[in-house]
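Asker: just the structure for this:
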Amino acid sequence: MKKLLILGLSLALAVMLGSCGDKKEPLPETYTEGEDSLPALGMAGDEEEEQQQSLTVTSETDEESGETKYVYTGLSAGGAEAKSYVDQLVQNYGCSVIDDTGTVQAEPDFSAEEGTVLVGKDTESESGIFQVQLQWNQDSCTVSTAILEGLKVAEPEEEGLTTEEAVQAIENSSTQVLGLPGTSMSEYLVYARDGYVMVDDQACFVMDIYDQKHAIQETCLLTLDGKKLYRLDRATQQVTELH
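Answerer: Here you go, the predicted structure:
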């Protein structure tokens, strides 16, 4: 009788230990860095409870850096899961797809079998960027977070005009705007000087406008982005903004 009792207890203990071994690590609800946090993957949108239960996560912490990575497995499509999460962060939590300098980027191709994307927003203290990195493959997604100190999320700088484009911009202007006689800029020749000059801390092209007899009529300054146009008074070296 005692042997049967001991055997029964041993079997019960084995079942209990087996159940504990099968227990999944709970899904994180948020990722937190200092005072900043964002909802975790699977928690940012209206995911069904059944969908959340299908996710399995394993956390890995680097002893030297202290960085924690969350590896999600059991996904039907890692790229689709990454896209859904990124879309939620961008649309509802003020994030942008960025590069490692904080410059806003276009979304990657989430239909690819594997890939990486960075998403971020300025920290509450405005001292850096709260960055979320996602790496996906066919059936898993790895998430890690970091604070990029001293950076801010920024739109990419617009590419400046070429010299040829700057000349064309003046040629396409009206004579009235440039203060020239006549009705058409086809009556004039536009030449760009070498180098740039600074006006209100912006670099500008310098372009001289000549009539058909090659007599100089006006000198104009155009910012490299083409947004501001000035007239230079050659006698006083003063500039007047035209637009």
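
Asker: what's the spacing between V90 and S84?
Answerer: Using Cβ to Cβ, to the nearest Å, V90 is found at 11 Å from S84. Where you see a C-beta, it was placed from the backbone N, CA and C, and this is true even at glycine.

Asker: repeat that for Q133.
Answerer: Counting by Cβ to Cβ - Q133 and S84 are separated by 16 Å.

Asker: swap in E25?
Answerer: According to Cβ to Cβ, E25 and S84 sit 21 Å apart.

Asker: please apply the same query to T103.
Answerer: Distance, T103 to S84, using Cβ to Cβ: 24 Å.

Asker: E25 and S84: who's more crowded?
Answerer: Neighbour count, other Cβ atoms under 10 Å: between E25 and S84, S84 has more, with 16 against 10.

Asker: in what helix or strand does that one lie?
Answerer: Taking DSSP states H and E as the definition, one finds S84 inside helix 78-92.

Asker: can you give me the strands in this structure?
Answerer: Listed in chain order, the strands found in the chain under DSSP state E are 30-33, 36-39, 56-61, 68-73, 96-98, 115-122, 128-136, 140-149, 188-192, 197-199, 202-211, 216-223, 229-233, 238-241.

Asker: pick the most buried one from these.
Answerer: strand 128-136 (a mean of 23; mean count of other Cβ atoms under 10 Å).

Asker: before we move on, back to that, tabulate the strands of the chain (TSV), appending mean pLDDT and distance to S173.
Answerer: As requested, the strands of the chain are exported to TSV (pLDDT from 0 to 100; distance: least, Cβ to Cβ, whole Å):
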stretch	mean pLDDT	distance to S173
strand 30-33	94	51
strand 36-39	96	48
strand 56-61	89	60
strand 68-73	94	56
strand 96-98	97	36
strand 115-122	98	39
strand 128-136	97	41
strand 140-149	96	43
strand 188-192	96	9
strand 197-199	91	17
strand 202-211	94	10
strand 216-223	94	8
strand 229-233	93	7
strand 238-241	91	14
